[in-house]
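In: sequence first, then the predicted structure:
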Amino acid sequence: MARIVSGFPGRRIAVFGDMMLDRYVKGSVRRISPEAPVPVVRVHSESAVCGGSANVAVNLSALGALPVLVSAAGTDTAGDELAGLLASSGVDSSCVVRAPEFLTIEKTRVIAEHQQVVRFDRETPGRVAPAVKKAALSSLQAALKEGCEALILSDYCKGLLEPDTIRAAVKLAAARRVPVFVDPKVEHFQLYRGVACITPNTMEAFGGMRIPQRDGQGPAEELGRKIMARLACRSLLITQGEHGMTLFTRRGAAVVPVHIPTRAREIFDVTGAGDTVISTLALTWAAGASPEEAALAANFAAGIVVAKLGTASVTREELLESARSWIKKTA
């Protein structure tokens, strides 16, 4: 792991997908409102961090990579705030398309006593102008031409990644032999044929294949083989929450599953965990790791980030310390 992590710094990874601003309003609850049966939150602090594909880029930067974020934002206050947060995190956002007609996506979470009370969103779902999508694809093409070692498609189903842009992005990467890694949504699941790796959670995996969800490792492995056959991808990583992850790879004509138990010490908040998994997986793969090593690193990273409150990232030092702790416990 130390050898692989030492290869992280300086690797250019393109990230294409829906970005958003994650706001957090934190406080305490001491009473119920007399106006309605809801808690009254006394606000102690407010903060904002990068969300969606922007969080994937921040995760890559925290691990030492050079992410190139290709996305869309408005020319509004939230868009300006996102640009500032990206700059402070060392993320190249020159490929982000700023459009006056686009409303920057915001998610505001109200948290009291370490519990999320409510979330409210500001967005115009599914409304990305053709000109914005065309400009984003042009930016992606330019980024890949300048040299990237992997492409991450961060699909939040907010309008930028649609069938036409998904196919175009995969084609652009294939033309330059850049491996594609996908954090998918159910609606677009079966469009991701031939990619290097797709990382659905259990619900997305069953939903994407239009199969009723079933519990247990046996059904998960049966499903994984069906996905590999349908999508013809090089590998598949199904994240299973507290049950860990299962990686599917090809060995000749056979599809081989490898189950990786969870490394989480304590599950505190799963917000953004998928962003951490896909960023760590793609970067580790680009650094020369095998799919099994990349999945193991992603699992360590996920175990770290779910123990943090809110959208968070993982550093190389934290990743190595997690690996060392696990080795000591299992030695």
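Out: On my side now, so go ahead. Numbering: from 1, shown residues only.
In: what segments of the stretch 101-250 of the chain are strands?
Out: Secondary structure of the stretch 101-250 of the chain, counting by DSSP state E, counting those that start in this stretch: strands at 106-112, 115-122, 150-154, 180-183, 197-198, 235-239, 245-251.
In: the third one pairs with which strands, and in what direction?
Out: Neighbouring strands of strand 150-154 in its sheet, by DSSP bridges, are strand 12-17 (parallel), strand 180-183 (parallel).
In: now do the first one
Out: According to DSSP bridges, strand 106-112 forms sheet pairs with strand 19-32 (parallel), strand 115-122 (antiparallel).
In: regarding residue 289, what is its secondary structure?
Out: coil (DSSP: H, G, I helix; E, B strand; the rest coil).
In: list the contacts for it?
Out: 4, 297 (Cβ atoms under 8 Å, 6 or more residues apart in numbering). From N, CA and C alone the C-beta is placed, and that goes for glycine too.
In: next one: residue 193
Out: By Cβ under 8 Å, 6+ apart, the contact list for residue 193 reads 231-233.
In: might you list the low-confidence residue ranges for the stretch 151-300 of the chain?
Out: Residue ranges of the stretch 151-300 of the chain with pLDDT under 70: 263-272.
In: same thing but 80
Out: Along the stretch 151-300 of the chain, the model assigns pLDDT under 80 to residues 262-272.
In: so which residues of it form helices?
Out: Using DSSP state H, counting those that start in this stretch, the helices found in the stretch 151-300 of the chain span residues 163-175, 202-208, 217-231, 273-286, 291-305.
In: centre of the chain to the first one, how far?
Out: Looking back up the chat, that one is helix 163-175. Relative to the centre of its chain, helix 163-175 is centred 19 Å away, using Cα atoms, centre = their mean, to the nearest Å.
In: what's the neighbour count on the closest residue to residue 69 other than its chain neighbours?
Out: The shortest distance from residue 69 to any non-neighbouring residue, by Cβ to Cβ, 6 or more residues apart in numbering, is to residue 57 (4.3 Å). For residue 57, the tally of surrounding residues (other Cβ atoms under 10 Å) stands at 35.
In: you'd agree residue 57 is up against residue 50?
Out: Yes. Counting by Cβ atoms under 8 Å, residue 57 does reach residue 50; the two are 7.2 Å apart.
In: what's the overlap in contacts for the two?
Out: In contact with both residue 57 and residue 50: 86, 89, 91, using Cβ under 8 Å, 6+ apart.
In: now the residue lying closest to the last one once chain neighbours are set aside, what's its secondary structure?
Out: Read it as residue 91. Counting by Cβ to Cβ, 6+ apart, residue 57 is the residue found nearest to residue 91 once chain neighbours are left out, at 4.5 Å. Recorded secondary structure, residue 57: helix (three-state DSSP).
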